[in-house]
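> Have a look; sequence and predicted model below, questions after that.
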Amino acid sequence: MTKQIKIHVFHTGTVIVDKNLPFHHPGQGPLAFLGLNHFSKQDKVELPVSSYLIEHPNGLILIDTGWNTVNRSRLGQLKNLNFQYPANQAKLPAGQAINEQLARLGIRPRDLDYVLLSHLHCDHADGLALVKDAKRILVSEEEWYGANRDHIRYLSHEWRDVPVQTFKLQNTGLGAYGRSFDLFGDGSIQMIWEPGHSVGLCATKVKLPGRDQYVMLAADGGYAAKSWQEHLTPGLVVNRLAAQKSLDFLEKTANDPNCIECLANHDPQVQPHTITLK
């Protein structure tokens with residue numbers, strides 16, 4: 001068994017949103033992220049949509065799925081719009097879908113031991129159908145129950161006919177709220193609860209057992225390193241105070257000397273690359 005972990009950072013397309021969606025500034029109203037008063041292309045930003053493949057001694061783990069290939073057609077894009085996402089434009093160039101990127105590494109969806117979802121917003125869960133043959137697909141109980149009751153912020157057709165299961169957060173003392181899920185029971189893959197942007201959002205902490213250094217996959221707790229550097233919560237939140245507390249945790253994490261990289265999902269400064277822990 002190899003004693004190293006590799007993390008492949010993919011860009012599974014991009015998303016075009018109003019400039020207020022990634023960064024909420026003081027004084028803005030709660031719906032500023034929708035950009036209802038913005039009609040110029042200059043008011044839009046194009047952000048990467050990241051997914052992560054973890055080569056772990058215990059198997060292959062995918063974090064989030066990016067966009068589905070249906071978004072390559074106008075009809076497919078219209079299917080993925082609802083009240084919550086009037087300005088959410090998906091772009092998925094050829095070769096960037098998660099199944100296409102895995103195929104280049106010689107990996108089939110059924111080879112994946114786990115798909116772990118940070119949360120179920122469309123840019124993270126839309127590609128679920130492309131990897132539905134993975135051995136296990138997991139999301140936090142809080143996110144699953146919240147997403148299936150909320151038909152505004154979520155698009156439930158994205159996980160229709162996909163065998164999604166849930167994991168239970170435990171009181172571990174990790175994170176801003178002290179709750180996490182340890183996938184293998186050895187501290188190497190931990191889903192850390194960071195609510196605010198969504199009710200069940202989780203970051204992923206990756207480390208080798210017995211080692212101090214780690215990588216934090218921050219999901220949408222902050223949209224970019226700029227978020228925790230300038231104390232800017234996401235524009236889209238279900239609870240602004242909770243989002244700020246989660247962001248404070250990410251700031252502390254990013255400044256931890258043992259943190260090799262703290263990666264936000266939509267950071268335009270982050271390019272596809274591979275991190276090796278050994």
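Happy to help now that I have it.
> any low-confidence regions in this structure?
1-2, 29-40, 75-87 (pLDDT under 70).
> and if we set it to 80?
1-2, 27-42, 74-88 (pLDDT under 80).
> Tell me where the longest helix sits in it.
Ranked by residue count under DSSP state H, the longest helix found in the chain is helix 240-254.
> Any idea what the residue nearest to the spatial centre of the chain is bridged to?
Residue closest to the mean C-alpha point of the chain, counted by Cα atoms, centre = their mean, is A219 at 3.8 Å. Beta-bridge pairing of A219 under DSSP bridges involves A264.
> For it, list the residues it contacts.
Neighbouring residues of A219 by Cβ atoms under 8 Å, 6 or more residues apart in numbering: D64, S118, H119, H124, E194, H197, L201, C202, A203, T204, A264, N265. C-beta here means a position set from N, CA and C on the backbone, and glycine is covered the same way.
> where's it relative to G210, distance?
For A219, the distance to G210 equals 26 Å [Cβ to Cβ, to the nearest Å].
> and if you look at Q229?
Counting by Cβ to Cβ - Q229 and G210 are separated by 31 Å.
> what distance separates stretch 231-241 from the centre of its chain?
Centre-to-centre, stretch 231-241 and its host chain are 15 Å apart (Cα atoms, centre = their mean, to the nearest Å).
> Correction: the previous question concerned stretch 15-22.
How far stretch 15-22 lies from its chain's middle: 16 Å, per Cα atoms, centre = their mean.
> Check which residues of that stretch are buried.
Using 16 or more other Cβ atoms under 10 Å as the test for burial, stretch 15-22 gives V15, V17, D18, N20, L21, P22.
> Determine which two of those residues are furthest apart.
Distance extremes for these: the farthest pair is V15 and N20 at 14.1 Å, using Cβ to Cβ.
> ok so, going back, quick one: which of the contacts of A219 is nearest L277?
T204 (13.1 Å).
> Then R211 would be within a strand, right?
No. Secondary structure of R211 (DSSP: H, G, I helix; E, B strand; the rest coil): coil, not part of a strand.
> I'd say it and L277 touch.
Yes. Assessed by Cβ atoms under 8 Å, R211 is found in contact with L277 at 7.2 Å.
> neighbour-wise, which of these two wins?
L277 (19 against 13; other Cβ atoms under 10 Å).
> for the more buried one, which residues make a bridge with it?
Beta-bridge pairing of L277 under DSSP bridges involves I5.
> how far away is it from V206?
7 Å.
> Quickly list what's touching both of those two.
Counting by Cβ under 8 Å, 6+ apart, the residues touching both L277 and V206 are I5, I7, Y214, V215.
> Between helix 240-254 and the helix or strand containing the last one, find me the angle.
If you go by DSSP states H and E, V215 is part of strand 214-219. For strand 214-219 and helix 240-254, the angle between their directions (axes from the mean of the first three to the mean of the last three Cα atoms, to 10 degrees) works out to 150 degrees.
> got the CA positions of strand 214-219 in PDB?
C-alpha atoms of strand 214-219 as PDB (Å, rounded to 0.1, in the frame of the first residue of the first chain):
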ATOM      1  CA  TYR A 214      -2.500  18.900   5.500                       C
ATOM      2  CA  VAL A 215      -4.500  20.400   2.600                       C
ATOM      3  CA  MET A 216      -7.900  22.100   3.100                       C
ATOM      4  CA  LEU A 217     -10.400  22.000   0.300                       C
ATOM      5  CA  ALA A 218     -12.600  24.900   1.500                       C
ATOM      6  CA  ALA A 219     -15.500  24.400  -1.000                       C
END
